[in-house]
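*Asks:* coordinates only, sequence not included:
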């Protein structure tokens, strides 16, 4: 009887862990899809600073939703968050720079887009 009870408890714990794993895999899949979507946008269309900022905000929200249960996952999450913040700072600097011509600003936006795209593609591998 005791063995049957222990077996049932073990099976319940396994089922809970399987659901947690499925949830984590789903969260990771959503984040990866968001990264892939942003990479695609960065490669195919001209974006304004506002659109670029909105895309980074969406990526930030998805990253914040993900649970990080291991040290490695936590480090990846923190690393992505720090990189997003760095890109936000660069966007703000471009917004506030009144000395750049429209063409120079457009070129810098394209350079920033390429930097973000390269970073995200590296993270997708």
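*Replies:* That came through fine. Just so it is clear, the model here is predicted, and its values are computed rather than measured.

*Asks:* The closest residue to residue 97 other than its chain neighbours - how many residues pack around it?
*Replies:* Once flanking residues are discounted, residue 97 sits nearest to residue 105: 7.4 Å by CB to CB, 6 or more residues apart in numbering. Any C-beta I mention is one placed from the backbone N, CA and C, and that applies to glycine too. Residues contacting residue 105 under the criterion other CB atoms under 10 Å number 16.

*Asks:* Run through who's touching the host helix or strand of residue 105.
*Replies:* Assigned by DSSP states H and E, residue 105 belongs to helix 102-124. Contact partners of helix 102-124, identified using CB atoms under 8 Å, 6 or more residues apart in numbering, comprise 32, 35-36, 38-39, 42-43, 46-49, 52, 56, 80, 83, 87, 90-91, 94, 97, 100.

*Asks:* and that helix, average pLDDT?
*Replies:* Averaged over helix 102-124, pLDDT sits at 86.
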